[in-house]
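>>> Predicted model and sequence follow; I will ask about them next.
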Amino acid sequence: MITLYQFATSPFTEKVRRALAYKGLAFEVHEVERAAVPGGRYSEVSPTGKFPAIVHDGVSVWDSTDILLYLDRIFPDRPLRPSSPRDAALAHVIEDWADESLYFYEITMRLSWSHNLDAALDEFAVGMPGVPRDRLKDMILEGASALTRTQGLGRKPREQVVSDLDRHFDALEAMLEGRDWLIGESLSTADLAVIGQIHALLYAEEGRAALARAPNIQAWLARVDAVAPNLTA
Ligand SMILES: N[C@@H](CCC(=O)N[C@@H](CS)C(=O)NCC(=O)O)C(=O)O
């Protein structure tokens, strides 16, 4: 049995859920209580205190990239990694770009811009029981702003963040011209990592505007959904 320890709101959680669905693997979900992480309640599942993590037959694996590698190793049917070494390398680089760069756009636009955060608040409330909605919103705005200021994106003017994101969407749109998948001839880790971040970005009105101008990305979202749905359990 596989147990997925998750924050439901996380783009990395979506990446893992879709990988499990693509491989046809049953799993159960444990929603992590955020306030219990610093005290160490989940330290055996994820020593970094970051989620998602999975436990499979007593083995804990944390970090979405490592989880997908583990799933491919233990359940090799329907591989997530392209077979050609060059495509596998490209998929790795795009996965890492989604996880480490696009991610900061969603934190900035969804979580540190007040006008976008309201749409996401109910889902965050699930992992923070008992925190009043106004307090929750302030906590998320403060935490996300501090993180993105440190990383750097949060210090850019908003117009520049939006035009950066438009450039990223333009790049994806061009990569998908005449192709079904970002890399190679079937779905890969690149598709799963990118779709998780895009869905988080769609909470932001600026993300929705970027998608409205990108027909190739729209068609690709439906294609990924058809073979790797975002099953909640
Ligand atoms: N590189 C990790 C990133 C996971 C991650 O940053 N998860 C966030 C939620 S989106 C988290 O657990 N944040 C809690 C924290 O940083 O303490 C992965 O791919 O799984």
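Right, received. Where do you want to start?
>>> separation between the closest residue to K50 other than its chain neighbours and the ligand?
Closest residue to K50 apart from its sequence neighbours, by C-beta to C-beta, 6 or more residues apart in numbering: W62 at 6.7 Å. Yep, even glycine has a C-beta here, placed from its N, CA and C like the rest. From W62 across to the ligand, the span is 7 Å (C-beta to the nearest ligand atom, to the nearest Å).
>>> Could you tell me how many residues sit around W62?
As a burial measure, W62 scores 19 neighbours (other C-beta atoms under 10 Å).
>>> Quick check, it in contact with Y42.
No: counting by C-beta atoms under 8 Å, Y42 is not a contact partner of W62; they are 9.5 Å apart.
>>> Which residues of this protein lie near the ligand?
7, 10, 12, 49-52, 63-65, 99 (C-beta under 6 Å from any ligand atom).
>>> Domains of this protein: list them as residue ranges, please.
Domains of the chain are assigned by automatic domain parsing as 2-74, 85-227.
>>> anything in contact with each of W62 and Y42?
When contacts are counted by C-beta atoms under 8 Å, 6 or more residues apart in numbering, W62 and Y42 have 51, 53 as shared neighbours.
>>> where do the strands sit along this protein?
2-6, 27-31, 53-56, 59-62 (DSSP state E).
>>> The first one: partners in the sheet, and parallel or antiparallel?
With DSSP bridges as the test, strand 2-6 is paired with strand 27-31 (parallel), strand 53-56 (antiparallel).
>>> coming back round to it: show me the contacts for the residue nearest to K50.
The contact partners of W62, by C-beta under 8 Å, 6+ apart, come to 45-48, 50-54.
>>> now those residues in a markdown table, with neighbour count, pLDDT and distance to F104?
A markdown table is the format used below for the contacts of W62 (neighbours: other C-beta atoms under 10 Å; pLDDT from 0 to 100; distance: C-beta to C-beta, whole Å):
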| residue | neighbour count | pLDDT | distance to F104 |
| --- | --- | --- | --- |
| V45 | 19 | 98 | 25 |
| S46 | 20 | 98 | 21 |
| P47 | 12 | 97 | 23 |
| T48 | 10 | 96 | 18 |
| K50 | 16 | 97 | 15 |
| F51 | 26 | 98 | 18 |
| P52 | 24 | 98 | 18 |
| A53 | 27 | 98 | 21 |
| I54 | 26 | 98 | 25 |
